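A.B. asks: Quick one, structure for this:
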Amino acid sequence: MIALPERHTGPASLPWLCYLWLLVSLVLLLTWQRDQPAHLDQLHKDYVGSGLLDAELPVYASWLRLNGDIRRAYDLEQARAAGDTRIVFDRMAFDPAFDAMLDEDTSRYWSTEEKRRWREYKAAFLNLAATLPREQAGLNPAQPRPASFLTLHLLSPDYLLWLVCALALLFPAWALEGSLGRRRMLVLWPAAGILAALLTALLLRPDHTMVAGGQILVSAAIGLYLGYFGLRRVPVLMPGKSPASATRQWPAAVFALPWLLVPAATVASGQHWIGPLTGLASGLLLVQLVRLPGLDALPGATEQGDPAASLPADVNEALTLGWEALGRLALADARQQFTRALTHTGTDAEDDSPPSAALTRARFDALSGLFQLDKLNADGPPDTACELLSLTVDDSDQRRQQHRYWREAREAWGDALTLPAPAARQLAARFAAIDAVSDAEALLSGLPEPEDEQDSAAHQQALRALADAFTARGQLSKAKAYSAAG
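C.D. replies: This is a model prediction of the structure:
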């Protein structure tokens, strides 16, 4: 099951930014980071073989105790006594604060000759370590570089953590990016990731824990998702169903549950659990920007060409309040707001010109909201459903929504749902345009012969649309039949 956007389920609403990030991070893991484990193994062997580990450990343990980290010092000494040098290597070899201390006065630990040999061996080790991808990306929070707060999110420490992050992002990504809009997502998501990386670096600075950033960006996306949807319910894409036919709704928080695996996988990969938590908190915080008045000032707040950008403020406000009230199940408030929006979307203004694309979009949204309310009480007449299905729409996403609404209306009202013949034929043409040919044929088969010029024109349009749809499918015999009939 995958959470779907509230009102847009077409290909344009797919989470392409999330897919792109997953693809880039996987490519880097398979190429640039591919040799990192073997490189680390060789560095470990060189570190032990050169005597650096045994020379530094007594000094390191003493330094830890002086800084109050007695337990860590004891654990490292016990690990070395048990022959587990890898734990000591991972913790001690990449600690720049310790190296800085050793560059100062170490006369109480080493002689001058021992200090000279340490500097020589350590310089050679650090030169080799500098070629590690994680070091080049500045992933040590003790020495962060500003650019690393963005670039570290492209790296993953291993395949397990990448896979867990991909699974955690899979379920809510479509609902998040499809509802926020791609350009707004492009602003908020990286900003949340940068903030989380900065907080992680500050919190982990005394611990010198390496941080690889995939889990931080995924957690930021989950935070954006939870902060945006809250306690609302979202449409669900079930296995074997198309987005246009998805009718079930689940609490949005259900689709964030796979994120609980991310901190566990992060720790299993040798990272610190604080990274996913700061990512989640940053996403929850920054998504609140979408609730501020005047959000249109935020770059990319609306998609390019979005007709809602030119709507009157009162219509936008009524639609927003209506959907929020519906999400809270405040049905009376939702009906009031949708009705309010509907009264302002009949004409463009003072003249009698047809509604603009923006007002048509708004009218469609308002009728969609009223339709959802009417479904809760299917004993009433399907007037709103008929008006919604009779509305002429050109956008493919709206046509898919109309198709879904038609199916839902048939389930709710059955034979009581009757459309005027011209409107039913136009609806069949729209169904054919989105490849819902079986439903388009079903609509046409139940209609009488055209009675007037308008009805005849609508009939011809539907036949041509079906012919085109079957041609695109490669069903040429059916295409010829509908073409001949038209």
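A.B. asks: From residue 385, how far off is residue 407?
C.D. replies: Note on residue 407: its distance to residue 385, by C-beta to C-beta, to the nearest Å, is 11 Å. For glycine as for every other residue, the C-beta is placed from the backbone atoms N, C-alpha and C.
A.B. asks: More neighbours: which of those two?
C.D. replies: residue 385 (25 against 14; other C-beta atoms under 10 Å).
A.B. asks: Let me see the contact set for residue 57.
C.D. replies: 76, 77, 80, 88, 92 (C-beta atoms under 8 Å, 6 or more residues apart in numbering).
A.B. asks: what's the answer for residue 59, then?
C.D. replies: Residue 59 neighbours (C-beta under 8 Å, 6+ apart): 102, 106, 109, 110.
A.B. asks: what's around the first one, how many residues?
C.D. replies: Same thing as residue 102. Neighbour tally, residue 102, other C-beta under 10 Å: 18.
A.B. asks: Next: residue 469.
C.D. replies: Neighbour count of residue 469, defined by other C-beta under 10 Å: 23.
A.B. asks: Over to residue 269?
C.D. replies: 18.
A.B. asks: and what of residue 454?
C.D. replies: 14.
A.B. asks: can you check residue 33 too?
C.D. replies: By other C-beta under 10 Å, the burial measure for residue 33, its neighbour count, is 22.
A.B. asks: Check the spatially closest residue to it that is not a sequence neighbour and give its pLDDT.
C.D. replies: Leaving aside its sequence neighbours, residue 33 sits nearest to residue 133 (C-beta to C-beta, 6 or more residues apart in numbering; 4.9 Å). In this model, residue 133 is scored at 80, pLDDT.
A.B. asks: Identify the residues contacting residue 133.
C.D. replies: 28, 32, 33, 36, 155 are the contacts of residue 133 under C-beta under 8 Å, 6+ apart.
A.B. asks: so the first one touches residue 154, yeah?
C.D. replies: Spelled out, it's residue 28. Yes - applying C-beta atoms under 8 Å, one finds residue 28 in contact with residue 154, separated by 5.8 Å.
A.B. asks: what about residue 235, which SS state?
C.D. replies: Here residue 235 is recorded as strand under DSSP: H, G, I helix; E, B strand; the rest coil.
A.B. asks: Let me fix that, I meant to ask about residue 394.
C.D. replies: Assigned by three-state DSSP, the conformation of residue 394 is coil.
A.B. asks: And it, its phi and psi?
C.D. replies: Main-chain torsions, residue 394, degrees, to the nearest 10: phi -110, psi -20.
A.B. asks: Can you report phi and psi for the residue nearest to residue 33?
C.D. replies: phi -50, psi -40.
A.B. asks: separation between it and residue 154?
C.D. replies: 10 Å.
A.B. asks: now do residue 85
C.D. replies: 31 Å.
A.B. asks: got it, and residue 396?
C.D. replies: 33 Å.
A.B. asks: Find residues that contact each of residue 133 and residue 154.
C.D. replies: Common neighbours of residue 133 and residue 154 (C-beta under 8 Å, 6+ apart) are residue 28.
A.B. asks: Can you pull up the most central residue in the chain?
C.D. replies: Nearest to the mean C-alpha position of the chain, by C-alpha atoms, centre = their mean, lies residue 173 at 3.0 Å.
A.B. asks: Identify the residues contacting it.
C.D. replies: 15, 18, 19, 221.
A.B. asks: Now with 7 Å, please.
C.D. replies: Contacts for residue 173 (C-beta atoms under 7 Å, 6 or more residues apart in numbering) come out as 15, 18, 221.
A.B. asks: doesn't residue 218 make contact with residue 196?
C.D. replies: No - Residue 196 is beyond contact range of residue 218, at 10.5 Å (criterion: C-beta atoms under 7 Å).
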